[in-house]
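Asks: model this:
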Amino acid sequence: MLLGAAPAVAQGNAPQSAPAQEAPSEALPMPALSRFCQPGASALAAETALPNVAAALARGKTLRILSFGAAPGRIRARGDYSGVIESMLERALRGIDVVMINRGVSGELAANAAFRMKNEVALNEPDLVLWQVGTNDALAYVPIEDFAAAVRDQIVWLKDHKIDVVLVGLQFASEMLRDTHYKSVRDTLRKVAAEEEVPVIRFYEAMQIVNGPTAAAPAADEFERDEAGYNCLAQYVARAITLGTFAKGLKRRPQ
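Replies: Predicted coordinates for the structure are as follows:
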């Protein structure tokens, strides 16, 4: 079930996943990655447990995901980013109804998103927040300390309300390879995620590997991810959520 508008992506490459099983992490019903997206998996963070998602699924048959972050622009192909995540998760988590609630706003900074997120959490009661964050703060040259505090405080608030969070990192554009502030925001997000023990999809690094470090940015908008990139992001997110749901035995990340 999909609520709210969402970005479109090509679904033709969305792979099939293995049936759900009660098994150790080596045999998880993990969504497979398409051939195009597989190289980028080497840049993704190690799996991190999502205890509140696991508890929610133990109580019922519905997983509610609140999606926050920059809303993308025009995409030609049919389908949508949130819909791909939903369908991949429902194939992996057999018998679970995944409800995607899209509340992304283009150009929103982390501090503003955090303020608005509290209201949306109260209204929608999600089990998990999917938060794409950092790109707008980097482009606006928000001070690193302010960005880190906004993200960290919101993660703590979500934890206090027994809601898991998966962070989605910065967008990749070759022009940003030379921007030290952009890279500092990227690294700060990774550091905060590690310290707070929450998963982060390192989308910048993954797309840098997939496209190559000197790949040209999409012609329509140098910061706009193309259809293939959205497809990969949806697969990476579905993979991280599936791993986190079954990752009871995972060791806690070092500080």
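
Asks: now do the strands in this structure.
Replies: 2-3, 62-68, 97-102, 128-132, 164-168, 200-201 (DSSP state E).

Asks: partners of the third one, with directions?
Replies: Strand partners for strand 97-102, identified by DSSP bridges, are recorded as strand 2-3 (parallel), strand 62-68 (parallel).

Asks: what of the fourth one?
Replies: Paired strands of strand 128-132, with direction, are strand 62-68 (parallel), strand 164-168 (parallel) (DSSP bridges).

Asks: out of those, flag the one nearest Tyr230.
Replies: When those are compared by Cβ to Cβ, strand 164-168 sits nearest Tyr230, at 11.3 Å. Where you see a C-beta, it was placed from the backbone N, CA and C, and this is true even at glycine.

Asks: distance from the chain centre to that closest one, please.
Replies: 6 Å (Cα atoms, centre = their mean, to the nearest Å).

Asks: before we move on, back to that, in JSON lines, list the strands of the chain along with distance to Gly244.
Replies: Putting those into JSON lines (distance: least, Cβ to Cβ, whole Å) gives the following:
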{"stretch": "strand 2-3", "distance to Gly244": "21"}
{"stretch": "strand 62-68", "distance to Gly244": "12"}
{"stretch": "strand 97-102", "distance to Gly244": "14"}
{"stretch": "strand 128-132", "distance to Gly244": "9"}
{"stretch": "strand 164-168", "distance to Gly244": "7"}
{"stretch": "strand 200-201", "distance to Gly244": "11"}
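
Asks: re earlier: which of the strands paired with strand 97-102 is buried the deepest?
Replies: Looking across these with neighbours counted as mean count of other Cβ atoms under 10 Å, the highest average goes to strand 62-68: a mean of 23.

Asks: low pLDDT regions in the chain?
Replies: 1-31, 43, 45-46, 70-79, 211-228, 247-255 (pLDDT under 70).

Asks: could you rerun that using 50?
Replies: Within the chain, the set of residues satisfying pLDDT under 50 comprises 5-27, 71-78, 214-225, 249-255.

Asks: how about the helices in it?
Replies: Using DSSP state H, the helices of the chain run over 51-59, 81-92, 110-124, 135-139, 144-160, 180-196, 203-211, 227-245.

Asks: thanks a lot, see you next time.
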